[in-house]
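>>> coords please:
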Amino acid sequence: MTERPTASSLSGAASPDSAPSRVALDPVDAFRVQHYGLLTVLTARAPRAETLALVAELSGDSTPLGRSHTALAEAARRADPARLEREYFNLFIGVGRGELVPYGSYYLTGFLREKPLARLRQDLARLGIERAENLVELEDHVGVLCEIMAGLIGGRFAASESATRNFFARHLAPWMDRFFADLEMAPSADFYRCVGRVGRSFMTIEADSQALVA
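Predicted coordinates:
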């Protein structure tokens, strides 16, 4: 369903408290990995034509997430990659800064490189996850965090299910639904309004499912 990042921004090694990765994913976890992968690709960079072609194949149903799939697929079919470059720039980069600042530390404190980033780096070290030399973004970037979650759930990074739930609760749940809601309403968003809708709907499902097993 989704394109994987062309260059991995992270590398992982088993940590002392991590469990062996699962050999095969159940359908629910495969669904989660696909969605985190989709959000990774779409927030890491403006999508290229081949990415849009994959996204255009999404199908939906009558659920909120299913309806967001349908809207995103329609947006991908009509999207122009060159215009999406400008949209992505205006939203996330800008001159000085974009309309949105897609970092957890900023959403939680109003500043970059604050205590939430330090706590994230400590947890990544405990999990044996290291940033690659080619990673430009800070580790609390929305796309990097989605990549980490996909790796934790999918077994790329060895971690227990409880460690994965704890990672979500500490580093995604406090802010990421607000980010996607803001993206859905951002003045410059067109295609990315639909990305925000998918992200917000998916994060609601994630939060609800985490609460059931807490």
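
>>> okay, and for this structure, where does confidence drop off?
1-23, 214 (pLDDT under 70).

>>> Let me see the ranges of the helices in it.
27-44, 49-55, 64-78, 81-88, 104-109, 115-127, 142-154, 161-171, 176-185, 191-213 (DSSP state H).

>>> Pick the most buried one from the ones you listed.
helix 142-154 (a mean of 24; mean count of other C-beta atoms under 10 Å). C-beta coordinates here come from the backbone N, C-alpha and C atoms, glycine included.

>>> which other residues reach that helix?
5, 8-10, 12, 21, 25, 29, 32-33, 36-37, 39-41, 43-44, 102-104, 124, 127, 129, 135, 137-139, 156-157, 159, 163-164, 167-168, 171-172, 176, 179 (C-beta atoms under 8 Å, 6 or more residues apart in numbering).

>>> now it and helix 176-185, what's the angle there?
Orientation of helix 142-154 against helix 176-185 (axes from the mean of the first three to the mean of the last three C-alpha atoms, to 10 degrees) gives an angle of 130 degrees.

>>> chain center to helix 142-154: distance?
7 Å (C-alpha atoms, centre = their mean, to the nearest Å).

>>> Can I get it as CSV, trimmed to CA atoms?
The C-alpha coordinates for helix 142-154 follow below in CSV (Å, rounded to 0.1, in the frame of the first residue of the first chain):
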residue,chain,number,x,y,z
VAL,A,142,6.4,13.4,13.1
GLY,A,143,7.7,11.3,10.3
VAL,A,144,10.6,9.9,12.3
LEU,A,145,8.3,8.9,15.2
CYS,A,146,5.9,7.2,12.7
GLU,A,147,8.9,5.3,11.3
ILE,A,148,10.0,4.2,14.7
MET,A,149,6.4,3.0,15.5
ALA,A,150,6.3,1.0,12.3
GLY,A,151,9.7,-0.5,13.2
LEU,A,152,8.6,-1.4,16.7
ILE,A,153,5.3,-3.0,15.7
GLY,A,154,6.8,-4.7,12.6
